[in-house]
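Novice: Need the 3D shape of this:
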Amino acid sequence: MLYWAWRLYPKRDINILENMQKRATRLISGFLSLSYEERFNKLDLTTLERRRLRWDLVEVLKILKIIVILVKICFFHTSQSSLDCMVIH
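Specialist: As a prediction, this is how the structure comes out:
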């Protein structure tokens with residue numbers, strides 16, 4: 001998938017963070033016997049992977065918003081300045 005291209009962390013670092021998060025939720029009183037998914041549901045938490053995906057989507061939306069702004073600027077300028085919009089700086 002394309003979003004893996006801009007991930008800054010190696011997979012082993014991601015696994016270390018996931019394991020730390022799993023262990024931390026096990027330390028809460030009464031949560032030791034619950035599965036990972038049950039602990040997260042009871043604590044109303046999201047997994048690191050889900051948060052990374054959300055961050056990726058937010059970044060894509062920011063990029064799309066900038067593209068729309070640039071298209072509007074280039075479209076509504078005079079012919080001379082619209083030529084400037086076509087030049088990549």
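
Novice: Output stretch 30-46 as CSV, nothing but the C-alphas.
Specialist: The C-alpha trace of stretch 30-46 is given here as CSV (Å, rounded to 0.1, in the frame of the first residue of the first chain):
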residue,chain,number,x,y,z
GLY,A,30,-8.7,-6.7,36.9
PHE,A,31,-7.5,-6.6,33.3
LEU,A,32,-4.8,-9.4,33.5
SER,A,33,-7.2,-12.2,32.5
LEU,A,34,-8.8,-10.2,29.6
SER,A,35,-7.6,-10.5,26.0
TYR,A,36,-5.9,-7.6,24.3
GLU,A,37,-9.0,-6.7,22.3
GLU,A,38,-11.2,-6.9,25.5
ARG,A,39,-8.8,-4.6,27.4
PHE,A,40,-8.9,-2.0,24.6
ASN,A,41,-12.7,-2.1,24.3
LYS,A,42,-13.1,-1.7,28.1
LEU,A,43,-10.6,1.2,28.2
ASP,A,44,-12.1,2.7,25.0
LEU,A,45,-8.6,2.8,23.4
THR,A,46,-7.6,2.3,19.8
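
Novice: Averaged pLDDT, it. What do you get?
Specialist: Stretch 30-46 comes out with an average pLDDT of 86.

Novice: what's the spacing between that stretch and its chain's center?
Specialist: How far stretch 30-46 lies from its chain's middle: 23 Å, per Cα atoms, centre = their mean, to the nearest Å.

Novice: Show me what counts as buried in that stretch.
Specialist: For stretch 30-46, the neighbour count (16 or more other Cβ atoms under 10 Å) marks 34, 39-40 as buried. For the C-beta atoms, the positions are set from N, CA and C on the backbone; glycine is no exception.
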